[in-house]
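Enquirer: pasting a predicted model and its sequence here:
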Amino acid sequence: MDYFDLEKQFNGNLSLAFKNTKSKFCIISFSSDWLYPTIENKEIVIALNACGANVGFVEINSDKGHDSFLLDVPEFLKTLSEFLNSIYKEINNEKRI
Amino acid sequence: MKKEFKIISKIIQNNKRVLDIGCGDGTLMEYLKFNQQNDVRGLEPQKDLVQKCIAKGLSVIEGDAEKELVQFPDKSFDYAVLSQTLQAFLFPEKVLKQLLRIGKQTIISIPNFGYWKVRLHLLFKGTMPITKNLPNEWYNTPNLHMCTIQDFVNFCKEKNIKIDRSLCLTNEKISEITNGNLLYKNIFSQLGIFLIK
């Protein structure tokens, strides 16, 4: 991860990487993740907000470190599945219209 | 949904971009999004409430308004909404400045410390007022900077903030605040709702 720098391609402005995006973002970080720490996730959130993207963010408390996303962390699984459910519902509603 | 939120959603109407600061469990956001087709974002410091919002399909960011508002560009929302939270900030003036910068207009509601029950409580009991709207003791209240409707109006005048509309709420009854009835409304209203810019 230390060699990948998305910002670099955009002259240090991460926001430009997401310009004109129509996606809906949900950023989830884990309190004990040292590889993708919350503070770096927040940088992504800040960049997305700066270009007016649709973004939600929450930090999940977990002591399982970076692998939290692979393990049984109920709070995380609940948040993720409910987020996906809400998207699924929205897409179905749009189709009906 | 509580009356205050009904009033706020009526001011906002349809198809607007709205930022709800301290959005709680997302009740107001939900209504604005699904009933009035607004494009809404929220900011909320409490994790469990943020999770509730995300589960409802609302785009809410976990964070503290005193630190996080700087990231939003100027005039990036039609309305910035702050419901009964201004008094809980460490630096309310700074937060308000940010709101006025981010929103083309700002809707702000404040629990009125000038309400007659609050005044009588302090006058006769001699202890810090506890009412339905202000249920905490002085030592555990999140409210650091209580103000009255009159205080807020004075503040806006002093800082050259334009008040486009001012409403007040008492026992679910809503009425307009004017220059003529301000003194009276400051005694008999539980809540003030202001549209400012």
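Expert: Now that the structure is in, tell me what you want to look at.
Enquirer: now do the same end-to-end measure for stretch B:177-190.
Expert: End-to-end distance of stretch B:177-190 (C-alpha to C-alpha, to the nearest Å): 13 Å.
Enquirer: residues in contact with that stretch: which ones?
Expert: B:111-112, B:114-116, B:119, B:133, B:148-150, B:153, B:166-171, B:175, B:192 (C-beta atoms under 8 Å, 6 or more residues apart in numbering or on different chains). Placement of C-beta: from N, CA and C, glycine included.
Enquirer: next one: stretch A:90-97
Expert: Stretch A:90-97 has contacts (C-beta under 8 Å, 6+ apart) with B:Gly57.
Enquirer: what about that stretch, distance to the chain center?
Expert: 24 Å (C-alpha atoms, centre = their mean, to the nearest Å).
Enquirer: OK, now which residue of chain B is nearest to chain A?
Expert: B:Gly57 (2.9 Å; C-beta to the nearest C-beta).
Enquirer: ok, that residue to A:Gly56 distance?
Expert: According to C-beta to C-beta, to the nearest Å, B:Gly57 stands 9 Å off from A:Gly56.
Enquirer: intersection of neighbour lists for these two?
Expert: Common neighbours of B:Gly57 and A:Gly56 (C-beta under 8 Å, 6+ apart) are A:Phe83.
Enquirer: chain B contacts on chain A?
Expert: Within reach of chain B by C-beta under 8 Å from any C-beta of the partner chain, chain A has these residues: A:24-26, A:42, A:45-46, A:49-50, A:52, A:54-59, A:61, A:75, A:78-79, A:82-83, A:85-87, A:89-90.
Enquirer: try 7 Å this time
Expert: A:24, A:26, A:45-46, A:49-50, A:52, A:54-59, A:75, A:79, A:82-83, A:86-87, A:90 (C-beta under 7 Å from any C-beta of the partner chain).
Enquirer: list the contacts for the residue nearest the centre of chain B?
Expert: The centre of chain B sits closest to B:Ser83, judged by C-alpha atoms, centre = their mean, with a distance of 2.4 Å. Residues near B:Ser83 by C-beta atoms under 7 Å, 6 or more residues apart in numbering or on different chains: B:4, B:22, B:109.
Enquirer: enumerate every residue touching the closest residue to the residue of chain B closest to chain A other than its chain neighbours.
Expert: The spatially closest residue to B:Gly57, leaving aside those adjacent along the chain, is A:Ser86, at 2.9 Å (C-beta to C-beta, 6 or more residues apart in numbering or on different chains). For A:Ser86, the contact set (C-beta under 7 Å, 6+ apart) comprises B:55-57.
Enquirer: three-state assignment of A:Ser86?
Expert: helix (DSSP: H, G, I helix; E, B strand; the rest coil).
Enquirer: for B:Leu90, same thing?
Expert: At B:Leu90 the chain is in coil, as set by three-state DSSP.
Enquirer: check what pLDDT it gets.
Expert: pLDDT recorded at B:Leu90 is 95.
Enquirer: need the contact list for residue 41.
Expert: Picking chain A for this. If you count contacts by C-beta under 7 Å, 6+ apart, A:Asn41 has them with A:27, A:29.
Enquirer: chain B was what I was after
Expert: Per C-beta under 7 Å, 6+ apart, neighbours of B:Arg41: B:19, B:59.
Enquirer: need the next SSE after the strand or helix carrying it, C-terminal direction.
Expert: Taking DSSP states H and E as the criterion, the element that holds B:Arg41 is strand B:39-44. Under the assignment DSSP H and E, the closest C-terminal helix or strand after strand B:39-44 is helix B:47-55.
Enquirer: mind giving me the packing neighbours of that following helix?
Expert: Packing partners of helix B:47-55 (3 or more C-beta pairs under 7 Å, 6 or more residues apart in numbering or on different chains; DSSP states H and E): strand A:54-60, helix A:74-96, strand B:39-44, strand B:59-62.
Enquirer: measure the most centrally placed residue in chain A to A:Asp2 for me?
Expert: Nearest residue to the geometric centre of chain A (C-alpha atoms, centre = their mean): A:Ile27, 1.9 Å. According to C-beta to C-beta, A:Ile27 and A:Asp2 sit 20 Å apart.
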